[in-house]
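Asker: Pasting the sequence and the predicted coordinates here, then a few questions.
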Amino acid sequence: MKIDFITGYEIRFNKHPNRKNNLKISAMYDLYKNGYSLQKIGKLYRISRQAVYDLFKSRGYELRTKKLSGLIELDGIKFTIMKGGYLRGTVPNQGRMTMQKYVWIKNKGHIPSGYVIHHKNGIKTDNDINNLELIELIKMSEVFNPNGNNQFKKNDKTKII
């Protein structure tokens with residue numbers, strides 16, 4: 001491993017050790033080690049994120065791995081967090097489904113039409129069967145949207161005179 005004594009950067013050469021950009025790539029990697037993303041480094045040096053990745057890879061620099069957040073495994077099925085905060089996974093022979101639906105069907109059986117599963121404590125990732133309850137869709141829409149109209153609320157067609 002070579003270190004440039006002026007800048008203090010670790011220098012790794014590619015197949016062409018006489019290229020002039022080796023110090024530049026070392027400086028870029030130093031930014032990467034300090035938490036900059038490949039995309040940010042690319043913007044700073046006016047190259048694409050993929051070009052930065054290729055430069056680091058070709059010189060053998062170690063790259064960070066993607067952090068998997070919100071991954072929960074249940075019965076061998078991997079559930080990940082969706083945008084809305086619910087966990088969703090692919091259940092064999094049934095396709096994509098939310099974790100609360102999977103837990104309910106596994107413990108209590110079929111979910112009747114017009115009903116939804118509700119988390120009692122409001123925490124969408126707490127899918128313990130004791131935290132789940134079956135609520136009518138109309139009742140759910142009245143509780144969480146009491147003043148608004150939606151496709152599940154029954155509208156009165158009475159006129160006020």
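Answerer: Arrived safely, thanks for sending. Numbers count the residues shown, from 1 in each chain.

Asker: For the chain, just list every one of the strands.
Answerer: 2-3, 10-11, 72-74, 77-81, 87-91, 95-98, 115-119, 132-136 (DSSP state E).

Asker: between these, which gets nearest to residue 59?
Answerer: strand 10-11 (9.2 Å; CB to CB). Bear in mind the C-beta positions are built from the backbone N, C-alpha and C, glycine included.

Asker: Quick check: mean pLDDT of that closest one?
Answerer: Averaging pLDDT along strand 10-11 yields 64.

Asker: Now do residue 80 against residue 99, distance only.
Answerer: Using CB to CB, to the nearest Å, residue 80 is found at 10 Å from residue 99.

Asker: neighbour-wise, which of the two wins?
Answerer: residue 99 (24 against 13; other CB atoms under 10 Å).

Asker: Chain neighbours aside, what residue packs nearest to that one?
Answerer: Leaving aside its sequence neighbours, residue 99 sits nearest to residue 87 (CB to CB, 6 or more residues apart in numbering; 3.9 Å).

Asker: Residue 97 now?
Answerer: That would be residue 91: by CB to CB, 6+ apart, it lies 5.3 Å from residue 97.

Asker: for the one you found, what are its contacts?
Answerer: If you count contacts by CB atoms under 8 Å, 6 or more residues apart in numbering, residue 91 has them with 77, 97, 102.

Asker: Could you do residue 44 as well?
Answerer: Residues in contact with residue 44 (CB under 8 Å, 6+ apart) are 31, 36.

Asker: Counting neighbours, show which residues of stretch 53-67 come out buried.
Answerer: For stretch 53-67, a neighbour-count test (16 or more other CB atoms under 10 Å) marks 53, 55, 56, 59, 61 as buried.

Asker: sorry, back to before: tell me the bridge partners for the residue nearest to residue 99.
Answerer: Beta bridges link residue 87 to residue 81, judged by DSSP bridges.

Asker: Map the structural domains onto the sequence of this protein.
Answerer: 2-58, 72-144 (automatic domain parsing).

Asker: weakest of those by average pLDDT?
Answerer: Among the domains of the chain, domain 2-58 carries the lowest mean pLDDT (a mean of 81).
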